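Student: here is my input, please return the structure:
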Amino acid sequence: MASLPVLSRLMETLFKHTRIVLKKGDITREEVDAVVNAANSRLLGGGGVDGAIHRAAGPSLLEECRKIGWCEPGDAVVTGAGKLPARYVIHTVGPVWKGGSRGEERVLADAFKQSLARGMEKKVRTLAFPAVSTGAYGFPLDLAAKVSLCAIRQFLEDHPGVFQEIRLVLFNDKVLDAFSRAFESCFGK
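Tutor: So this is what the prediction gives:
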């Protein structure tokens with residue numbers, strides 16, 4: 001199950017009947033069943049990925065988020081996707097990094113697992129994730145990559161074949177490089 005690097009800096013593997021893909025790109029343009037949003041607990045939009053998703057989806061996304069009102073760190077909620085080329089947005093709240101002694105790794109893993117669980121409930125076949133908690137929340141990039149990818153692996157071990165494809169759509173080369181390094185340790189031989 002070795003990864004297959006390609007000229008476009010895309011990495012992929014097949015694991016438990018699910019294609020896992022790492023790519024550099026703009027998550028708001030991904031044609032998938034569900035896009036995962038790195039949200040804040042209030043679900044009101046913000047900077048980074050969260051702001052980009054809210055801007056691209058349009059005002060209906062904020063209206064739905066206001067009705068839900070809140071999401072705890074490590075949990076996930078689902079809304080429609082507004083103008084995005086997806087059916088759903090799965091909003092998950094990752095941890096703010098406080099040095100690693102407050103369960104941040106567990107909360108980040110839970111954010112990924114709960115997002116996958118919400119996707120499974122909605123019967124989505126394809127999902128796109130960003131690098132949750134690595135921007136303003138300050139989670140160390142290399143550790144976040146490993147925790148995130150290994151959480152996906154663990155979920156798929158428990159639920160093989162539920163998804164056709166899980167993409168990690170990463171904003172820049174630095175983030176893609178960190179996830180590429182972690183890819184082998186979580187999905188390698």
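Student: where's the residue most central in space within the chain relative to Ser41, distance?
Tutor: For the chain, Phe129 is the residue whose C-alpha lies nearest the centre (CA atoms, centre = their mean; 2.5 Å). Per CB to CB, to the nearest Å, Phe129 is found 19 Å from Ser41. To be clear about C-beta, it is placed using only N, CA and C from the backbone, and glycine gets the same treatment.
Student: ok, now Ala131?
Tutor: 19 Å.
Student: those two: who's more crowded?
Tutor: Ala131 (26 against 13; other CB atoms under 10 Å).
Student: and the closest residue to Leu170 other than its chain neighbours, how far from Phe155?
Tutor: Take Leu170 and drop its neighbours on the chain: the residue closest to it by CB to CB, 6 or more residues apart in numbering is Leu176, 4.5 Å away. Separation of Leu176 from Phe155 (CB to CB) stands at 22 Å.
Student: please look at Gly138 and Val96 and confirm they touch.
Tutor: Yes: under the criterion of CB atoms under 8 Å, Gly138 makes contact with Val96 at 6.7 Å.
Student: give the contact list for Arg87.
Tutor: Asp33, Ala34, Gly80, Ala81, Lys122, Val124 (CB atoms under 8 Å, 6 or more residues apart in numbering).
Student: contacting residues for the first one?
Tutor: With contacts defined as CB under 8 Å, 6+ apart, Asp33 is in contact with Ala86, Arg87, Tyr88, Gly119, Lys122, Val124, Arg125, Thr126, Leu127.
Student: turn these into TSV, columns for distance to Gly25, secondary structure and pLDDT.
Tutor: As requested, the contacts of Asp33 are exported to TSV (distance: CB to CB, whole Å; DSSP: H, G, I helix; E, B strand; the rest coil; pLDDT from 0 to 100):
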residue	distance to Gly25	secondary structure	pLDDT
Ala86	14	coil	98
Arg87	19	coil	98
Tyr88	19	strand	98
Gly119	19	helix	98
Lys122	23	coil	98
Val124	19	coil	98
Arg125	19	coil	98
Thr126	14	strand	98
Leu127	14	strand	98
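Student: closest to Gly100 among the contacts of Arg87?
Tutor: Checking the contacts of Arg87 against Gly100 with CB to CB, the nearest one is Ala34 at 29.5 Å.
Student: burial check on the residue nearest to Leu170, number of neighbours?
Tutor: Neighbour number of Leu176 under other CB under 10 Å is 22.
Student: okay, buried residues for the strand or helix carrying it please.
Tutor: Secondary structure assignment for Leu176, by DSSP states H and E: helix 173-187. Within helix 173-187, the residues that qualify as buried are Val175, Leu176, Asp177, Ala178, Phe179, Ser180, Ala182, Phe183, Cys186, Phe187, counting by 16 or more other CB atoms under 10 Å.
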